[in-house]
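A.B. asks: what shape does this take:
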Amino acid sequence: MPTYLTDRSSYATPALAVLGAVQVALIASITLLVVPLPAIQAEMGLDRADLALLTSAYGLSFSGLLLLGGRLADLYGHRRLFTAGMALFATASALSAAAPGFAALLLGRFAQGAGAALAAPAALALARTLAPDPARQPRLLAVWGTLSVTGATAGSLLSGVVAALASWRWTFALPVTVAVLALATARRLPAPEPGRAARLDVAGAVLATAGMVALSYGLLHASAVPTVTGGLLLAAFVAVETRAAAPLLPLSFLASPARAAALLAVLVTAAASAAHTFFLTLWFQQVRGMSPLLTSAAFAPYLLVLAMGPVAGRLAGRFGARAVTVAGLLLGAAAMALFSLIEADTPYAGVVLAGLLLFPVASGLAFSGATVTALDGVPPRRAGLGGGLLNTAMEAGPTVGLAVLTAVAAAVTGPRHDPAAVTAGYATALAVAALVFTLTAALVGVARSPGKRQP
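C.D. replies: Below is the predicted model of the structure:
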């Protein structure tokens, strides 16, 4: 038996820590450029369309390539794809930091997302390999589920601090540092088994990638043509998968109602996380007149999520992953309801602070419980697919959530742009998020548990 399975004390725990840091860095990179966007706009002379494309570039390639990345990891080896993904991620991050202009920065962000899509599913598969004991895996997955919230929080806080104290180019120091550390330790990770036959569903890969990118772009930019095109491509992807000999995503993988509900819980929680952060950031700066640094500091309560991994793991072991997920979703509904009470003159120390303290607890529980349920019974040969699908739900959530809730806010605000009208739009959108959380909690609560193995 390989030593990494028998001698855990030698390096299994440090290796898990590195893999966890990678997941945090991959998610943090989504929001690294959000706060410094005005500085980038001024330096490069960008218009609004350029900023929108630059903001979405990383997420488009990341979400669009995740299913393919997971399948490639299962076919060609998790360590091999992890190494390739991190090498691309490190190179693209460094090139983005040194980008002389908009085109180079945009290309770097697209390449960053592609590297992340290769590395993220493989990192989760490797983490499960390093903790092969079935009794330990639910706790590991519960902790892993909180890493995305940690990453999103780290990205927002770091970008605000860097925007206030240094050049925006230093925001890429985190991804470069973590990627170099991961590459330095990659040799000690489990190697793939040799001689495995490699079959790739090329048609499915093309349709899934093109469909996700087109749909995400259309939703983010409120454009009908790419949205419809993306929907049609994804419908074609489903049709191809029903007939493919070796499908990219076997539809039987989603046959379990509990797994489907858990993935929905991930999507909804990620959507609410991105949407309320977006609305509150605008409200803090445009309505309340706070600086970027103070805005980042306002989200400091989200550091509570750092403690949620171990707590959620113990709760899942005692009460079950489904109960933890439902509790997290209901607490998320409560947090959104608190945020929906904001008015133009609402002070920070009140419903806003209460919601900011409650949401990291809610999201930590929801992500942890849903991650355990979504990956329950997934065999090692499908570990990359499971990780890719989980991360796809996590990446699709912000795209869908921002598109829908921004449209709700705009409809309520109407032609007026005074602080009261803008705040009313944000509050209504957050009330809708609270309702969606509640409905999702009910759905997760009635979904039956999946089988232990999937075909």
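A.B. asks: for the chain, what's the longest helix?
C.D. replies: helix 383-413 (DSSP state H).
A.B. asks: so which bits of the very next helix or strand once past that one are buried?
C.D. replies: Counting by DSSP states H and E, the next helix or strand C-terminal to helix 383-413 is helix 419-446. If you call a residue buried by 16 or more other CB atoms under 10 Å, then helix 419-446 has these buried ones: 419, 422-430, 432-434, 436-438, 440-441, 443-444. Any C-beta I mention is one placed from the backbone N, CA and C, and that applies to glycine too.
A.B. asks: the helix or strand containing residue 56 packs against which elements?
C.D. replies: Element membership for residue 56, per DSSP H and E: helix 48-76. Applying 3 or more CB pairs under 8 Å, 6 or more residues apart in numbering; DSSP states H and E, one finds that helix 48-76 makes contact with helix 8-31, helix 37-44, helix 78-97, helix 102-130, helix 202-220, helix 383-413.
A.B. asks: residue ranges with poor pLDDT in this structure?
C.D. replies: Applying pLDDT under 70 to the chain flags the ranges 1-12, 48-49, 132-135, 191-198, 449-455.
A.B. asks: quick one: the helices in the stretch 151-300 of the chain?
C.D. replies: 173-185, 202-220, 224-243, 257-282, 292-298 (DSSP state H, counting those that start in this stretch).
A.B. asks: of the ones you listed, which is nearest residue 305?
C.D. replies: helix 257-282 (10.2 Å; CB to CB).
A.B. asks: check which helices and strands that closest one is in contact with.
C.D. replies: Partner elements for helix 257-282 (3+ CB pairs under 8 Å, 6+ apart): helix 137-165, helix 321-339, helix 353-374, helix 383-413, helix 419-446.
A.B. asks: including distance to residue 206, could these go into JSON lines?
C.D. replies: Listed next are the helices and strands packed on helix 257-282 as JSON lines, based on distance: least, CB to CB, whole Å:
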{"stretch": "helix 137-165", "distance to residue 206": "27"}
{"stretch": "helix 321-339", "distance to residue 206": "34"}
{"stretch": "helix 353-374", "distance to residue 206": "25"}
{"stretch": "helix 383-413", "distance to residue 206": "16"}
{"stretch": "helix 419-446", "distance to residue 206": "31"}
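A.B. asks: tell me which of those is the most buried.
C.D. replies: Looking across those with neighbours counted as mean count of other CB atoms under 10 Å, the highest average goes to helix 353-374: a mean of 27.
A.B. asks: show me what that one is packed up against.
C.D. replies: Applying 3+ CB pairs under 8 Å, 6+ apart, one finds that helix 353-374 contacts helix 137-165, helix 257-282, helix 308-319, helix 321-339, helix 383-413.
A.B. asks: in TSV: those, plus distance to residue 63.
C.D. replies: Output for those, formatted as TSV (distance: least, CB to CB, whole Å):
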stretch	distance to residue 63
helix 137-165	13
helix 257-282	11
helix 308-319	24
helix 321-339	22
helix 383-413	4
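A.B. asks: mind checking which of those is nearest residue 125?
C.D. replies: Comparing the helices and strands packed on helix 353-374 by CB to CB, helix 383-413 comes nearest, at 3.6 Å.
A.B. asks: any idea how far the closest one is from the chain center?
C.D. replies: When distances are taken as CA atoms, centre = their mean, to the nearest Å, helix 383-413 is centred 9 Å away from the chain's centroid.
A.B. asks: which elements pack onto that helix?
C.D. replies: Applying 3+ CB pairs under 8 Å, 6+ apart, we find helix 383-413 packed against helix 48-76, helix 78-97, helix 102-130, helix 202-220, helix 257-282, helix 353-374, helix 419-446.
A.B. asks: could the ones you listed go into TSV alongside distance to residue 322?
C.D. replies: Formatted as TSV, the entries for these read as follows, by distance: least, CB to CB, whole Å:
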stretch	distance to residue 322
helix 48-76	24
helix 78-97	28
helix 102-130	20
helix 202-220	28
helix 257-282	7
helix 353-374	6
helix 419-446	6
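A.B. asks: who wins for proximity to residue 121 among the helices and strands packed on helix 353-374?
C.D. replies: helix 383-413 (3.5 Å).
A.B. asks: quick one, that closest one and helix 8-31 angle?
C.D. replies: Interaxial angle of helix 383-413 relative to helix 8-31 (axes from the mean of the first three to the mean of the last three CA atoms, to 10 degrees): 30 degrees.
A.B. asks: quick one: helix 383-413 to helix 102-130, angle?
C.D. replies: Here the directions of helix 383-413 and helix 102-130 differ by 130 degrees (the same axes, to 10 degrees).
A.B. asks: give me the angle between helix 383-413 and helix 48-76.
C.D. replies: 160 degrees.
A.B. asks: winner for burial among the helices and strands packed on helix 383-413?
C.D. replies: Taking mean count of other CB under 10 Å, helix 353-374 is the most buried of the helices and strands packed on helix 383-413, at a mean of 27.
A.B. asks: now that one: how far from the chain's centre is it?
C.D. replies: Relative to the centre of its chain, helix 353-374 is centred 13 Å away, using CA atoms, centre = their mean.
A.B. asks: same deal with stretch 254-266?
C.D. replies: Worked out by CA atoms, centre = their mean, stretch 254-266 lies 16 Å from the chain centre.
A.B. asks: so how far is the first residue of stretch 35-54 from its last?
C.D. replies: Distance between the two ends of stretch 35-54: 13 Å, counting by CA to CA, to the nearest Å.
A.B. asks: give me the contacts around it.
C.D. replies: Applying CB atoms under 8 Å, 6 or more residues apart in numbering, the set of residues contacting stretch 35-54 from outside is 33, 55, 101-102, 105-106, 109, 156, 159-160, 162-163, 167-168, 171, 220-221, 281, 292, 295-296.
A.B. asks: ditto for stretch 383-395
C.D. replies: Residues contacting stretch 383-395 (CB under 8 Å, 6+ apart): 27, 59, 62-63, 66-74, 78, 81, 120-125, 128-129, 148, 212, 249, 253, 263-264, 266-267, 270, 371, 374-375, 378.
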